[in-house]
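**Student:** curious how this folds, go ahead:
(chains A and B)
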Amino acid sequence: MTYLNILLYIQIALSGICLYRIIRGPTIPDRMVGIDIFGILVVGICAIISIETEKSFILDIGIAWIILSFIGTLTLAKYLSGKKLNE
Amino acid sequence: MLTLILLCIGILFNLFGCIGLIRLPDVYNRLQAATKCVTLGTCSILVGVLFHFGFNDAGVKALIAIPILFFASTVSAHALIRGAYHFGIKLGEKSIRDDYKDAVK
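**Tutor:** Below is the predicted model:
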């Protein structure tokens, strides 16, 4: 299955582009946008690996990554708008 | 074969989203381009996983991941851009209209 390897390397290179935005971003929300997009791209990486290895538990890692990235981004957005976490 | 087509479409959309994340001038434009394109591309990849496995455990896990991805990505993008506006990030130089400024005051 060689085409899956090529697609997997392309997807990993795309998450490298997101790392460029995280490192280089001029302001704090730019870095957070990069982190959010990186979390979604990792789910794609997990899906391609699960096709390649024919295992199903790797999709569980993807679903857990979505939910943790969601909670983390909401917390950071609340911090950015200058409010406490309980209001 | 259908799996390959769906995976290629998904990775193409991810590529467009990442190009937008690099090239656009403003944090609002960047998030708007990147979130829409990358969410649609990843959902296409997950549909490809569903077509590859069929309706066994892995395919149903991919089917469950799609609505979770839609809700989580859109809600977190909305909250993030609202936080960025309240943080005081200015719009880009070519942006000509700001409707949210009246709604805040």
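
**Student:** count of residues packed around A:L7?
**Tutor:** Applying other Cβ atoms under 10 Å in any protein chain shown, we find 20 other residues in the vicinity of A:L7. Every C-beta, even on glycine, is put in place using the N, C-alpha and C of the backbone.

**Student:** who touches the strand or helix carrying A:I67?
**Tutor:** Here A:I67, judged by DSSP states H and E, is contained in helix A:57-80. Residues outside helix A:57-80 that contact it (Cβ atoms under 8 Å, 6 or more residues apart in numbering or on different chains): A:28-29, A:32, A:35-36, A:39-40, A:42-43, A:46-47, A:49-50, A:85, B:49, B:58, B:61-62, B:64-65, B:68-69, B:72-73, B:75-76, B:79-80, B:82-84, B:86-87.

**Student:** mind listing what the spatially most central residue of chain A touches?
**Tutor:** Nearest to the centroid of the C-alpha atoms of chain A, with distances taken as Cα atoms, centre = their mean, sits A:G39, at 1.1 Å. Taking Cβ under 8 Å, 6+ apart, we find A:G39 in contact with A:65-66, A:68-69, A:73.

**Student:** pLDDT and neighbour count for these - can I get that in TSV?
**Tutor:** Written out in TSV, the entries for the contacts of A:G39 read as follows (pLDDT from 0 to 100; neighbours: other Cβ atoms under 10 Å in any protein chain shown):
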residue	pLDDT	neighbour count
A:W65	91	17
A:I66	91	22
A:L68	92	12
A:S69	91	21
A:T73	89	23
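
**Student:** stretch A:46-55 near chain B anywhere?
**Tutor:** Yes - legend: contact between stretch A:46-55 and chain B by Cβ under 8 Å from any Cβ of the partner chain is shown at A:47-48, A:50-51, A:55.

**Student:** average pLDDT for that stretch?
**Tutor:** This predicted structure assigns stretch A:46-55 an average pLDDT of 90.

**Student:** in it, what's buried?
**Tutor:** A:46-51 (16 or more other Cβ atoms under 10 Å in any protein chain shown).

**Student:** residue ranges with poor pLDDT in chain A?
**Tutor:** For chain A, the stretches flagged by pLDDT under 70 are A:1, A:84-87.

**Student:** in it, where's the longest helix?
**Tutor:** Taking DSSP state H as the assignment, the helix of chain A that covers the most residues is helix A:28-53.

**Student:** got the angle for that helix vs helix A:57-80?
**Tutor:** 170 degrees (axes from the mean of the first three to the mean of the last three Cα atoms, to 10 degrees).

**Student:** so who does the closest residue in space to A:I51 that isn't next to it in sequence touch?
**Tutor:** Leaving out its chain neighbours, the residue that sits closest to A:I51 by Cβ to Cβ, 6 or more residues apart in numbering or on different chains is B:H52, at 5.4 Å. Under the criterion of Cβ under 8 Å, 6+ apart, the neighbours of B:H52 are A:51, B:3, B:59.

**Student:** after the helix or strand in which the second one is found, which helix or strand is next?
**Tutor:** Meaning B:T3. Secondary-structure assignment from DSSP H and E places B:T3 in helix B:2-23. Stepping forward along the backbone from helix B:2-23, the first helix or strand reached (DSSP H and E) is helix B:27-53.
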